[in-house]
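In: Please find the sequence and the predicted model below.
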Amino acid sequence: MTMVETDPSPTPARKPWVRRRKDLGEHVARTVGSLQARLLSDASQPEAVSALARLRRGIGRAPGFDFTLERYLQVPEHLLGYRPADDAEAADTEHAVHDAVTLYALHQQSRRERMHVNGRGLGLAMADLVRKSNGPEGVRRRFAALGTATTYQESIYHLRSLTTMLREHQVPVDYGLLADDLHTLRRPGGRAQIQAIWGRESFRSQPSTDVQTLATETSEEDPS
């Protein structure tokens, strides 16, 4: 009897990991998407250009720093969530929206490409940045530093640096997803959850050699 060799069935392609935005993220995505559309339209939109510049000045500042930017930074009543006892303090949702939108303003500066793109989580963007950058080790170090940040303010500091690199290499981010991530980051236990999501998202988007390198560097940064 003649044995006929057959090729094994091809392994089905793994579906990409797609994260879904929450209600707060959807609000931010609509806000940023509208601003982006006006910035990149053929017709001149001086108000949008001015707003982008003023939003950039808000990076690292407290929510509410400029009441003229209310249309971009205000959180709707039904999305505010828990409010501090002192009404002068910003809610976690207000911090998340403020930081996501102002980081977008930095990202979009002087760019004619869309820097807000749906479905582009931060980890995926970092994986793309590693591949595109002439200095991938520097990207990995900064991402590892973000992954071991111990305070929210430290995370924003590292995100600002990474956003500048993303802009330079024209790598977009979903700023609705980032707003959701920042909101979770401010909540008890949220830091470890979001850092793990960013790491997995990056690992699942990279060739195996890049995954191993980044995993090694992250473990060296975090002795725990």
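Out: That came through fine. These numbers were taken from a predicted model, which means no experiment stands behind them.

In: quick one, helices of this structure?
Out: 23-40, 46-56, 70-73, 92-108, 122-132, 136-147, 152-168, 175-185, 190-203, 208-221 (DSSP state H).

In: Let me see the mean pLDDT of the third one.
Out: Read that as helix 70-73. Summarised as a single mean, pLDDT over helix 70-73 is 97.

In: now that helix: how far from the chain's centre is it?
Out: 19 Å (C-alpha atoms, centre = their mean, to the nearest Å).

In: do the same with the longest one
Out: Centroid displacement of helix 23-40 relative to its chain, using C-alpha atoms, centre = their mean, is 14 Å.

In: Can you check what angle separates that helix from helix 92-108?
Out: 30 degrees (axes from the mean of the first three to the mean of the last three C-alpha atoms, to 10 degrees).

In: Just the CA coordinates for helix 23-40, please, in PDB.
Out: Only the C-alpha atoms of helix 23-40 are listed here, as PDB (Å, rounded to 0.1, in the frame of the first residue of the first chain):
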ATOM      1  CA  ASP A  23     -18.300  55.000  28.200                       C
ATOM      2  CA  LEU A  24     -15.600  57.500  29.400                       C
ATOM      3  CA  GLY A  25     -13.300  56.400  26.500                       C
ATOM      4  CA  GLU A  26     -16.100  56.700  24.000                       C
ATOM      5  CA  HIS A  27     -16.700  60.300  25.200                       C
ATOM      6  CA  VAL A  28     -13.000  61.100  24.800                       C
ATOM      7  CA  ALA A  29     -12.800  59.400  21.400                       C
ATOM      8  CA  ARG A  30     -15.700  61.600  20.100                       C
ATOM      9  CA  THR A  31     -14.100  64.700  21.500                       C
ATOM     10  CA  VAL A  32     -10.600  64.000  20.100                       C
ATOM     11  CA  GLY A  33     -12.000  62.700  16.900                       C
ATOM     12  CA  SER A  34     -14.000  65.900  16.300                       C
ATOM     13  CA  LEU A  35     -11.000  68.100  17.100                       C
ATOM     14  CA  GLN A  36      -8.800  66.000  14.800                       C
ATOM     15  CA  ALA A  37     -11.200  66.200  11.900                       C
ATOM     16  CA  ARG A  38     -11.300  70.000  12.200                       C
ATOM     17  CA  LEU A  39      -7.500  70.200  12.400                       C
ATOM     18  CA  LEU A  40      -6.900  68.000   9.300                       C
END
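
In: and it, what does it pack onto?
Out: helix 46-56, helix 70-73, helix 92-108, helix 175-185 (3 or more C-beta pairs under 8 Å, 6 or more residues apart in numbering; DSSP states H and E). Glycine gets a C-beta too; all of them are placed from N, C-alpha and C.
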